[in-house]
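In: What follows is a protein structure lacking sequence information:
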């Protein structure tokens, strides 16, 4: 039904119940398509509602809500997952239908995927090294294991050779970043706790992350060989966090180990396999196109974009056209953790993939597309949707009504950041940690770009335009970029420890806060006599009772404890007939308060100054 709207513009009206589904980052053109309207007329309607926008500009949910309510529609924003599902369906790829069509006969067992978490210095890295070297010894294979972010080890369990996949991520931050992107990668979490140190803040944090993900936990009580080690105390402490050891009647397996002495490693692997068999149904279809997750990715100088992918179902082969997030390409080669080439990757097998056009993010799902063209189109559409959603988030939404109040409140200060790291997992972890910094509502933090590899000219140009700071994590400048950064005056900081970067950014945010001032009393003087002066007005002959009275200091007059004169200043100060800059306690002086003449004997003149209060 066509009906006149605001300003006499003809726009199709809804009945107040019609639902319009829009993806995040949609524009007025998209909205106009859904209701069969002219985009120019929607621009006019929005203008009358106090919002200015072009037909192609990405808008946020609130703006669409206001417009839809005016026109008689209900707007429903589609989630990123649903949006991606619809996108894949348009290319005849229906993952849900695929899963529904799988029967029990098609499913084959797959190895469990394990993440090691715990407090700093409790032995996570030592444990992973011990597991790796034990596997190298068992397989009598020499050579150093390459860091590809994940690897597979073998253990004998009940007479069978069983594989276990370990993800070597930078702690629980990356674990959560992957989960936030909808990638449920981990099957079991090993929580490492030092027997001589006990449960620490990060232990609890890691534990909460694993429990909220619904992942079974195996506790590795490390450093049992050290003096002062008390494994029983660890079991007791963890009962408070719903981790009750089997020997106490619970269902959590605790294993005493020493990563340094290589003690208890086999028992730990056995505990992982027992937990997997008891509480998880780890099966998937092996005979289909591969689906999985990019665990880690980085830009290699000689090989271009390389990504460690974990196959969750199907089989990945060399020559497959794949798309991972907004990256796409053809699998040119695959390597295992020992650097050996492999032609196919089976279930729960991590491999390093070459052939992608760009670097995917940690936690991006990957799938094999029918051909190169389809893979490229899916990646391009995802990139366009992400860019539109980012633009909608970055748009400063301020209506005509809000404008005055925003001016009165003072503008919100924003610290813009560009993050670059050696691997995408580290960048994700750093961004996640930075965005959790809270210093109140007066200042905001915005990550305008994140990426993998050296700091480039593009990064510096972006930082110049948006007045941003560049944080480099385990990376340096690309060629000739340092001169450009110096010339443009861009602040570039380099870090190798996440916590240092967080501390520096937090300090910078606190520095951007408007200073808070507090009143500090300087001194008080009691008025003993009033002298009339035609030149200076009334002069208070006073005795300084406490502190110091300074010329030009702020002052107020108290009478019987009540303020009778405020916002004054000591305009003249004399000792007998001489001018003085300050008079101390116990001395007499003459005080002139400018145009304030309502002075009486026994009044108290109080002086003070405003000092900046340090932020806690």
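Out: In hand now; what should we look at? Keep in mind that this is a model prediction, so the values were computed, not measured.
In: from here on, contacts and neighbour counts on C-alpha atoms
Out: Fine.
In: For residue 519, which residues are in contact?
Out: Shown in contact with residue 519 (C-alpha atoms under 8 Å, 6 or more residues apart in numbering): 608, 609, 610, 611.
In: possible to save the residues you listed as CSV with pLDDT?
Out: Putting the contacts of residue 519 into CSV (pLDDT from 0 to 100) gives the following:
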residue, pLDDT
608, 91
609, 89
610, 84
611, 82
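In: got a winner among these for most neighbours?
Out: residue 608 (19 neighbours; other C-alpha atoms under 10 Å).
In: Please verify my assumption that it contacts residue 553.
Out: Yes: in terms of C-alpha atoms under 8 Å, residue 608 counts as a neighbour of residue 553; the distance is 6.6 Å.
In: Which residues outside stretch 77-94 are in contact with it?
Out: For stretch 77-94, using C-alpha under 8 Å, 6+ apart, the contacting residues are 21, 22, 23, 24, 61, 95, 182, 374, 378, 381, 382.
In: which residues does the first one form a beta bridge with?
Out: The reference is to residue 21. Residue 21 has these beta-bridge partners by DSSP bridges: residue 76.
In: Got phi/psi on residue 281?
Out: Note on residue 281: its backbone torsions stand at phi -100, psi 90 [degrees, to the nearest 10].
In: name the helices or strands packed onto the host helix or strand of residue 431?
Out: Assigned by DSSP states H and E, residue 431 belongs to helix 424-435. The contact analysis (3 or more C-alpha pairs under 8 Å, 6 or more residues apart in numbering; DSSP states H and E) places helix 424-435 against helix 171-180, strand 291-300, strand 413-421, strand 443-452, helix 498-512.
In: which of the contacts of stretch 77-94 sit farthest apart?
Out: The most widely separated members of the contacts of stretch 77-94 are 61 and 374, with 30.4 Å between them, by C-alpha to C-alpha.
In: so can I have JSON lines of the helices and strands packed on helix 424-435 showing distance to residue 238 and mean pLDDT?
Out: Output for these, formatted as JSON lines (distance: least, C-alpha to C-alpha, whole Å; pLDDT from 0 to 100):
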{"stretch": "helix 171-180", "distance to residue 238": "18", "mean pLDDT": "56"}
{"stretch": "strand 291-300", "distance to residue 238": "29", "mean pLDDT": "87"}
{"stretch": "strand 413-421", "distance to residue 238": "35", "mean pLDDT": "82"}
{"stretch": "strand 443-452", "distance to residue 238": "36", "mean pLDDT": "81"}
{"stretch": "helix 498-512", "distance to residue 238": "26", "mean pLDDT": "77"}
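In: List of residues touching the helix holding residue 431?
Out: For helix 424-435, contacts defined as C-alpha under 8 Å, 6+ apart pick out 169-170, 173-174, 177, 295-298, 360-362, 419-421, 445-447, 450-452, 473, 498, 502, 505.
In: swap in stretch 19-33?
Out: Under C-alpha under 8 Å, 6+ apart, the answer for stretch 19-33 is 34, 38-39, 42-43, 54-61, 73-80, 83, 385-393.
In: Return a ChimeraX selection command for the buried portion of these.
Out: The ChimeraX selection below is limited to those of the contacts of stretch 19-33 classed as buried (16 or more other C-alpha atoms under 10 Å):
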select :38,39,42,43,54,55,57,58,59,60,61,73,74,75,77,80,83,385,386,388,389,390,391,392,393
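In: longest strand anywhere in this structure?
Out: Identified as the longest strand of the chain according to DSSP state E is strand 516-533.
In: Return the set of buried residues in the helix or strand just after it.
Out: Sequence-wise, the next helix or strand downstream of strand 516-533 (DSSP H and E) is strand 537-550. Buried residues in strand 537-550, defined by neighbour count with 16+ other C-alpha under 10 Å: 538-550.
In: Beyond the helix or strand residue 41 falls within, next helix or strand please.
Out: Per DSSP H and E: residue 41 is located in helix 39-48. Where DSSP H and E defines the elements, the next helix or strand beyond helix 39-48 is helix 61-71.
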